[in-house]
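Chemist: Need a 3D model of the following:
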Amino acid sequence: MTKTIQDPVSVLSGVGAKRVEALNELGIVTIEDLLTHYPFRYEDLTVKAIDEIEDNEKVVLEGVAISDGVVSHFGRKRNRLTFRINCDHVIVTVTFFNQPFLQKQIQAGKELKVFGKWDINRKQLNGMKLLSVSGDNQNSEAIYHTTKKIRQSTLLNLIKQAWGAYHDLIVDTLPDALLNEYNLLPMADTIYQMHFPENEEFTEKARYSVIFREFFYYQLKLGWRKKQLKNSQLGSSLDYDVMKLKEFFTTLPYELTDAQKRVVNEVCKDLKSPGQMFRLIQGDVGSGKTVVAAAAILAAKTDGKQTAFMAPTEILATQHKESLDEMFEQMDVTVALLTGSTKKKEKDQILMDLEKGEIDCIVGTHALIQEGVNYHSLSLVITDEQHRFGVNQRKALREKGVNPDVLFMTATPIPRTLSITAFGEMDVSIIDEMPKGRKAISTYWIRPKHFERLMSFVKKELAKKHQVYVISPLIEESETMDLENVTELHATYQSALGPHVKVGLLHGKMPPAEKEDVMSRFQDNKLHVLVSTTVIEVGVNVPNSTLMIIHDADRFGLAQLHQLRGRVGRGSEESFCILIADPKGEKGVERMKIVTETTDGFVLSEKDLEMRGAGDMFGFKQSGIPEFKIADLVEDSDILEEARVQAILLMNKTQFYEDNDYTKLRQEIGIKIDQQPILD
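Modeler: Residues are numbered from 1 along each chain as shown. This next block holds a predicted model:
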């Protein structure tokens, strides 16, 4: 049977059922998986002189043993192995704990090489590993992610075995032009240098080669998907009435910003094209995304087509319905609202009108995708805060029409490096300009000891008939603790402000109907202060709220603080955000300073990415963010850009294949598909 790098790891010597299970837990199933299970760091094995070593530094010492190894026992089942070596005329005591099996390798007069932690006061090395003196002269050693079921040494031995048996089967699929232009190591050399580094220069070159490949192949696949969408005839071209759109803009009580005009043009161009639109609109809180959506809805209406507009909650859906009614006051556009709370008689009428084509735009929650909701001519699907819906929910809504155009909207600013990976197959529009006259929210950071002074300020705002949000500390580990925190904070504010002030309470364990009721009462100014966990919804519009107070603000990410701050500043009155925090570390202090210095969500999202990484920036796991073996979207953003540009250049040189054959595309741009690929 022919060997391939897709052989299971069980073909290796010493890999039985239990070891296969241990390797599988690390994501290692095949020989390819094993060879590309790269180290996450390297130990420096350079031999140093005694006078160059700092206290507690991990170091390699080389010398001649001047005593045999002596094992002594202490405590319960504990022992130490002690011996002395002469390192360039300095006598050093070496101690290994609980490694008595090393004793037979240590005899007086034998040359030794020891890796351990240096104790400068005692002139002593706390040994960690005994190294070979002769050998391959490696200056560093690879350190891998492992589990309790498999040791570093075992993993490295298996990698050595796999390399010996399979390295001649490793081929490079990258086009030669890219290998030469970016001075990349061939794939086999890359793998060898990652696991058995000769020196730091080769290690860095190998790492760069891995990262470039990971980003390039991912961007190429995204580009292929995007090209499929652009060139497919799945969508439909909307023959909308341009004059009606122009008339609509004249009826608005404000002029669109340049950014809004640019995004409207981008959306309308998509609607006109025969391909199916997949466009993401990013816009900071209050930047005016809804009016762009309204323009798209009107465009569809003028060609006799329908729009479905899905929001994550009933409150948001209701707000969108009210906003659209206001915008379309002078236009002939019929907008209906369908949620779980819609009464049966009203719902039946809406469903009938929708199917007959008498409703131009239906706004709602997931009720829009339920069985029995049928559309007459659904041509446009708009999803607000699309990350709040599951993939299947979004797909179910699209399937209500025949390949409708799709518009996603989000008020969560997404850093560029994330948008070109998570949303790379979509077109991205950014509304990066705020409407004229909108006042910036003044943001201040105070210590908890100033709480009483803060209460005086709160009372002043309440005296002006304004409302206040209060956000409870974030306790990610426990919903129960979250509930205790917010309940205690609610009692604190009620006590501090007195019985004449109505203080509401909102948290995640409330039934949905109760949550909706609390928010409705706050919107209607029947509650003056709302104490809440972070469940307050993105996009909730209470123009009378002028003050946002966030307790233990240093526990939140920058992007989340910005989202919370965006709940105020929605009316004409000056608004404030007060961050209460007593950060212990430098990073916490830095976060507080950054958020008080800028209200630009995109600047904050980039800073947040730098400080926290891509994993969980906004308080929820980013869907669509790929997991790379080595590449890091933050640290390696410059390589991402290089790989992306090359993928686009190659894509632009290719023709589109009607059968959407990715293999043909790869073949055309020079990827060696006739050979066995690795990392492709």
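Chemist: Shouldn't S10 be within a helix?
Modeler: Yes. Assessed with DSSP: H, G, I helix; E, B strand; the rest coil, S10 lies in a helix.
Chemist: And for it, the neighbour number?
Modeler: 12 (other Cβ atoms under 10 Å). C-beta: built from backbone N, CA, C; applies to glycine.
Chemist: For the stretch 1-150 of the chain, just list every one of the strands.
Modeler: Along the stretch 1-150 of the chain, counting by DSSP state E, counting those that start in this stretch, strands occupy 41-44, 58-65, 70-74, 78-87, 90-97, 111-119, 124-131, 140-143.
Chemist: Check which helices and strands the first one sits against.
Modeler: Judged by 3 or more Cβ pairs under 8 Å, 6 or more residues apart in numbering; DSSP states H and E, the packing partners of strand 41-44 are strand 58-65, strand 140-143.
Chemist: What of the longest one?
Modeler: Using 3+ Cβ pairs under 8 Å, 6+ apart as the contact test, the elements touching strand 78-87 are strand 58-65, strand 70-74, strand 90-97.
Chemist: State the mean pLDDT of the second one.
Modeler: Just to be clear, that refers to strand 70-74. Strand 70-74 comes out with an average pLDDT of 89.
Chemist: Identify the residues contacting that strand?
Modeler: The contact list for strand 70-74, computed with Cβ atoms under 8 Å, 6 or more residues apart in numbering, reads N79, R80, L81, T82, F83, P100, Q103.
Chemist: Let me know whether the second one touches F97 as I believe.
Modeler: Yes. Applying Cβ atoms under 8 Å, one finds R80 in contact with F97, separated by 5.4 Å.
Chemist: Of the two, which one has the most company?
Modeler: More crowded of R80 and F97, by other Cβ under 10 Å: R80, with 17 against 13.
Chemist: before we move on, the earlier item: for E574, find the nearest of the helices and strands packed on strand 78-87.
Modeler: Nearest to E574, of all the helices and strands packed on strand 78-87, is strand 58-65, at 56.0 Å by Cβ to Cβ.
Chemist: For the closest one, list the C-alpha coordinates in PDB.
Modeler: Provided in PDB are the C-alpha atoms of strand 58-65 (Å, rounded to 0.1, in the frame of the first residue of the first chain):
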ATOM      1  CA  LYS A  58      16.800  29.400  32.300                       C
ATOM      2  CA  VAL A  59      20.200  28.500  30.900                       C
ATOM      3  CA  VAL A  60      22.500  25.700  29.600                       C
ATOM      4  CA  LEU A  61      25.700  25.100  31.400                       C
ATOM      5  CA  GLU A  62      28.500  22.800  30.100                       C
ATOM      6  CA  GLY A  63      31.300  21.400  32.100                       C
ATOM      7  CA  VAL A  64      33.100  18.300  33.600                       C
ATOM      8  CA  ALA A  65      31.500  16.500  36.500                       C
END
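Chemist: roughly how far is the host helix or strand of R644 from the heart of the chain?
Modeler: Assigned by DSSP states H and E, R644 belongs to helix 637-652. With Cα atoms, centre = their mean, to the nearest Å as the basis, helix 637-652 stands 21 Å off its chain's centre.
Chemist: Buried residues in that helix, which are they?
Modeler: S637, I639, L640, E642, A643, R644, Q646, A647, L650, M651 (16 or more other Cβ atoms under 10 Å).
Chemist: any idea how far T173 is from the last one?
Modeler: In this structure, M651 and T173 are 16 Å apart, going by Cβ to Cβ, to the nearest Å.
Chemist: got a pLDDT number for the closest residue to S532 other than its chain neighbours?
Modeler: In space, and not counting its chain neighbours, S532 is closest to L506: 4.0 Å by Cβ to Cβ, 6 or more residues apart in numbering. pLDDT recorded at L506 is 89.
Chemist: same question, Q667
Modeler: Looking at Q667, its pLDDT is 62.
Chemist: Which strands and helices lie in contact with the helix ranked longest in the chain?
Modeler: Using DSSP state H, we find that the single longest helix of the chain is helix 200-231. In terms of contacts (3+ Cβ pairs under 8 Å, 6+ apart), helix 200-231 is packed against helix 187-195, helix 416-422, helix 637-652, helix 662-668.
Chemist: if you set the cut-off to 7 Å instead, what comes out?
Modeler: helix 187-195, helix 637-652 (3 or more Cβ pairs under 7 Å, 6 or more residues apart in numbering; DSSP states H and E).
Chemist: could you give the angle of it to helix 637-652?
Modeler: Helix 200-231 runs at 40 degrees relative to helix 637-652, counting by axes from the mean of the first three to the mean of the last three Cα atoms, to 10 degrees.
Chemist: Return the distance of helix 200-231 from the chain's centre.
Modeler: With Cα atoms, centre = their mean, you get 18 Å for helix 200-231.
Chemist: for stretch 114-126, same thing?
Modeler: The answer for stretch 114-126 is 42 Å, by Cα atoms, centre = their mean.
Chemist: Backbone dihedrals for I471, please?
Modeler: Dihedral angles phi and psi of I471 (degrees, to the nearest 10) take the values phi -100, psi 130.
Chemist: does the closest residue to I550 other than its chain neighbours have beta-bridge partners, and which?
Modeler: In space, and not counting its chain neighbours, I550 is closest to I471: 4.5 Å by Cβ to Cβ, 6+ apart. Counting by DSSP bridges, I471 is bridged to S532, I550.
Chemist: I471 is in contact with L564, isn't it?
Modeler: Yes. Assessed by Cβ atoms under 7 Å, I471 is found in contact with L564 at 5.7 Å.
Chemist: which residue ranges form the strands in the stretch 501-650 of the chain?
Modeler: Under DSSP E, counting those that start in this stretch, the stretch 501-650 of the chain gives strands at 503-506, 529-532, 545-551, 576-580.
Chemist: Dump those into a markdown table; add mean neighbour count as well.
Modeler: Listed next are those as a markdown table, based on neighbours: other Cβ atoms under 10 Å:
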| stretch | mean neighbour count |
| --- | --- |
| strand 503-506 | 22 |
| strand 529-532 | 25 |
| strand 545-551 | 24 |
| strand 576-580 | 23 |
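Chemist: would CSV of the ones you listed with distance to Q370 be doable?
Modeler: Output for the strands of the stretch 501-650 of the chain, formatted as CSV (distance: least, Cβ to Cβ, whole Å):
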stretch, distance to Q370
strand 503-506, 27
strand 529-532, 29
strand 545-551, 33
strand 576-580, 39
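Chemist: out of those, which comes closest to V9?
Modeler: Here strand 545-551 is closest among these (Cβ to Cβ), at 49.7 Å.
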